[in-house]
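this is a predicted model, with the sequence first.
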Amino acid sequence: MLKFFIQNIQGVLFIENFAFRDKLGIASKINQAVDNLFDGDPIMLDLPPEAPFEIPRIQLKDSKMFYGLNFSPTRIDFFYNEPGKPEKKLDSLSDNYLEYFFRIIDLVKGGYHLSIPRIAIIIKALSEVEKESTIFIYEKFLGNNSFFKNADKLEIHSLEKTKVKEYNINRWFRIRTGLGAGIKDNILAVEVDINTLPEKPVDFEIEKIRNFYITFFAFAKESFLNCFGVSL
């Protein structure tokens, strides 16, 4: 039976172009908001104005490298990451993750009054399977097409545009095998990426953002259940 364990959680706040006038002060306020979670050495990048907006100007991490935050002019990414072989289910992580993330949201939205036109959540999970992961995927999803039978790696990507509650979203569901750099293995990697539609931007308020993450953590679990018969 499949048992999915969380490798990575990534919450994303897309923001308007933000000017970093006091990086150290911003980093300090973020860390205060999360009770000094980020106790590792901060990284502050002084880049020219023409540098790509996607490059983080502030990077924060905890000393155990589980939690991290990237702050760029156009997005804020809050990570949970478990390197190596993950052992935790989503239910054991979600409360702490969301508590920290909601404090960050309260600061950047309520304290800095940033416009947040898009939001996203990405969850990556791994599971061992009883056979080679490519064979597992072939038999479960591609069993009638022998063309794929001897593949060393397989990837299935599915995009659904839908509406859940008041949120119009993209839901990417990605299944990957062959994580061992070309070596056949029995590890199955699955990612669900849920984001509000870029063509329908709004300025999300704090409660709408909080509700999005609560709603779509549950929706991610339902996606795994519907696809594999087991939840996160």
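It's in.

what's the neighbour count on the nearest residue to residue 41 once chain neighbours are set aside?
Counting by Cβ to Cβ, 6 or more residues apart in numbering, residue 61 is the residue found nearest to residue 41 once chain neighbours are left out, at 8.0 Å. Any C-beta I mention is one placed from the backbone N, CA and C, and that applies to glycine too. As a burial measure, residue 61 scores 20 neighbours (other Cβ atoms under 10 Å).

can you check residue 164 too?
The local packing count at residue 164 equals 15, with neighbours defined by other Cβ under 10 Å.

from residue 219, how far out is it?
Taking Cβ to Cβ, to the nearest Å as the measure, residue 164 falls 6 Å from residue 219.

same check on residue 77?
20 Å.

the residue nearest to residue 41 and residue 68 touch, don't they?
Yes: contact criterion Cβ atoms under 8 Å: residue 61 and residue 68 qualify, at 4.5 Å.

okay, and the common contacts of the two?
A shared contact of residue 61 and residue 68, defined by Cβ atoms under 8 Å, 6 or more residues apart in numbering, is any residue touching both; here these are residue 38.

where are the low-confidence patches of the protein?
Under the criterion of pLDDT under 70, the regions of the chain flagged as low confidence span 179-184.

for it, which helix is longest?
Residue-count comparison of every helix in the chain, with assignments taken from DSSP state H, identifies helix 206-228 as the longest.

chain center to that helix: distance?
Here helix 206-228 is found 12 Å from its chain centre; the criterion is Cα atoms, centre = their mean, to the nearest Å.

which residues are contacting that helix?
Outside of helix 206-228, the residues within contact range by Cβ under 8 Å, 6+ apart are 2, 4, 11, 13, 90, 94, 98, 101-102, 105-106, 109-110, 116, 119, 121, 123, 125, 164-167, 169, 171, 173, 175, 190, 192, 194, 196, 204, 230-232.

in which helix or strand does residue 12 reside?
strand 5-14 (DSSP states H and E).

in three-state terms, label residue 79 for me.
strand (DSSP: H, G, I helix; E, B strand; the rest coil).
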